[in-house]
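Chemist: this is the structure alone, sequence omitted:
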Ligand SMILES: O=CN(O)C[C@@H](CC1CCCC1)C(=O)N1NCCC[C@H]1C(=O)Nc1ccccn1
Ligand code: NI
């Protein structure tokens, strides 16, 4: 089972590498890894398990964060409505690829963090507001989906990890909270 001890921190060169695509059909170990990444996210969002296992709550995880330089990400985005248990997006993506994106940009009003970054880095991380992505799931099935708002931000943060990009690379150094006209701020 994945715990915080398995997550590498900034300074580890793997976080700055461009990860390798996985080959289809997926290897058994790549399917098992995907399942374990998704399980980590679910555990991290379960109060009891998170406390017991000392997990920081996460909505996304990329294989490079486990020192595995492969293009595999997992996302488990809970519904913003606490009444609804069903997550809005919960899946493992192999070879995720942004096919197209909106001109409009967006950022999280609270900025971003990263399980591989043990410090606060204030500032807006401006990303594409909407993206169309392709990926393969654990069964090797191809998907093409459109994402917007919070899910779009989460997936972009994860795909960045596959390209050696950290969230703070996007923050305006001169004025971290500078916002161009028309950038959507997501609460
Ligand atoms: O690459 C992947 N990562 O680095 C884990 C990150 C991914 C998100 C950061 C911004 C967009 C994707 C992550 O999840 N976090 N960042 C650090 C601490 C907080 C945590 C988080 O946002 N938790 C959360 C949010 C809502 C509900 C439940 N938990
Ligand atoms: Ni991260």
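Modeler: Cool, the structure landed. As the structure is a prediction and not an experimental result, all values here were calculated from the model. Ligands and ions are numbered 1, 2, ... in the order given.

Chemist: now the strands for this structure?
Modeler: For the chain, applying DSSP state E gives strands covering 60-62, 72-77, 89-101, 105-108, 127-128, 130-136, 142-148, 184-186.

Chemist: quick check: which of those is nearest to residue 10?
Modeler: Closest of the strands of the chain to residue 10 is strand 60-62, at 13.6 Å (criterion: CB to CB). The way it works is simple: take the backbone N, C-alpha and C, and place the C-beta from them, glycine included.

Chemist: give the rounded mean pLDDT of the helix of greatest length in the chain.
Modeler: Among the segments of the chain that qualify as a helix by DSSP state H, the longest is helix 28-44. For helix 28-44, the mean pLDDT works out to 98.

Chemist: returning to what we had before: which of the strands of the chain sits closest to residue 114?
Modeler: Closest among the strands of the chain, using CB to CB: strand 60-62, at 9.5 Å.

Chemist: give the partner strands of that closest one in its sheet and their orientations.
Modeler: Pairing partners of strand 60-62, with direction, according to DSSP bridges: strand 72-77 (antiparallel).

Chemist: for the partner strand, which outside residues touch it?
Modeler: 22, 30, 33-34, 37-38, 40-42, 45, 58-63, 87-94, 96, 150-151, 154-155, 158-159, 161-162 (CB atoms under 8 Å, 6 or more residues apart in numbering).

Chemist: quick check: the residue of the protein nearest ligand 1.
Modeler: residue 113 (3.1 Å; CB to the nearest ligand atom).

Chemist: thought that residue was touching residue 123?
Modeler: No. Residue 113 lies out of contact with residue 123 (CB atoms under 8 Å); the separation is 11.4 Å.

Chemist: the residue nearest the centre of the chain and residue 48, how far apart?
Modeler: For the chain, the residue nearest the mean C-alpha position is residue 158 (3.0 Å; CA atoms, centre = their mean). Counting by CB to CB, to the nearest Å, the gap from residue 158 to residue 48 is 26 Å.

Chemist: narrow the contacts of strand 72-77 to just the buried residues.
Modeler: 22, 30, 33-34, 37-38, 40-41, 45, 58-63, 87-89, 91-94, 96, 150-151, 154-155, 158-159, 161-162 (16 or more other CB atoms under 10 Å).

Chemist: pretty sure residue 94 sits against residue 26.
Modeler: Yes. Assessed by CB under 8 Å, residue 94 is found in contact with residue 26 at 6.4 Å.

Chemist: need the overlap of contacts for the two.
Modeler: With CB under 8 Å, 6+ apart as the test, residue 94 and residue 26 both reach 136, 138.
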